[in-house]
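Visitor: let me see the structure of the following:
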Amino acid sequence: HAEPGTYLAASDHSGLIEPKKLPNPVRESSSHQELHRELLFSHRRGLLPEHKPELQKVLESRRKKQMKQQEELRRPLTDLEEELRKRQQMLQQVCGKQQQRHAPRYKLY
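Guide: Just a heads-up that it's a prediction; the model follows:
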């Protein structure tokens, strides 16, 4: 028997040297093996990602929306957004004053 890492001469191939299969570092990694094991386990139990229950899909989409909204709130406003916010506040103040002018002073019951 030959040492590991050496090529063996094949007697049935007229003296040709058979190449040894190269190892795949991705498939040999522990994280890949764990992921594969987890996928097999979830497949056996029927928990495939594309076959999730409707309620779970809806809850995940809501959670993603909330996370996206929170990220948008955390980021600083751009100059355009800041200017639009100021104009909106001014319009609300003007509309509020106009409504106060046109509102009746005394309410009749």
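Visitor: hey, where'd the helices end up in this structure?
Guide: With DSSP state H applied, the chain shows helices at 25-28, 30-45, 54-74, 79-102, listed in chain order.
Visitor: neighbouring contacts of the last one?
Guide: By C-beta atoms under 8 Å, 6 or more residues apart in numbering, the residues outside helix 79-102 that reach it are L77. Placement of C-beta: from N, CA and C, glycine included.
Visitor: can I get it in CSV? Just the C-alpha atoms.
Guide: Provided in CSV are the C-alpha atoms of helix 79-102 (Å, rounded to 0.1, in the frame of the first residue of the first chain):
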residue,chain,number,x,y,z
ASP,A,79,-30.4,68.8,3.7
LEU,A,80,-33.4,68.3,1.5
GLU,A,81,-35.3,66.3,4.1
GLU,A,82,-34.5,69.0,6.7
GLU,A,83,-35.8,71.8,4.4
LEU,A,84,-39.0,69.8,3.7
ARG,A,85,-39.6,69.2,7.4
LYS,A,86,-39.3,73.0,8.1
ARG,A,87,-41.7,73.9,5.3
GLN,A,88,-44.2,71.3,6.5
GLN,A,89,-44.1,72.8,10.0
MET,A,90,-44.6,76.3,8.6
LEU,A,91,-47.6,75.1,6.6
GLN,A,92,-49.1,73.4,9.6
GLN,A,93,-48.7,76.6,11.6
VAL,A,94,-50.4,78.7,8.9
CYS,A,95,-53.2,76.2,8.5
GLY,A,96,-53.7,76.2,12.3
LYS,A,97,-54.0,80.0,12.4
GLN,A,98,-56.5,80.1,9.5
GLN,A,99,-58.7,77.5,11.2
GLN,A,100,-58.6,79.5,14.4
ARG,A,101,-59.8,82.6,12.5
HIS,A,102,-62.6,80.8,10.7
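Visitor: so where's this structure shaky on pLDDT?
Guide: Judged against pLDDT under 70, the low-scoring parts of the chain cover residues 1-13, 47-51, 107-109.
Visitor: if we use 50, what do you get?
Guide: Residues of the chain that meet the criterion pLDDT under 50 lie in 1.
Visitor: tell me how far the spatially most central residue of it lies from K57.
Guide: Residue closest to the average C-alpha location in the chain (C-alpha atoms, centre = their mean): K64, at 8.0 Å. As judged by C-beta to C-beta, to the nearest Å, K64 and K57 stand 11 Å apart.
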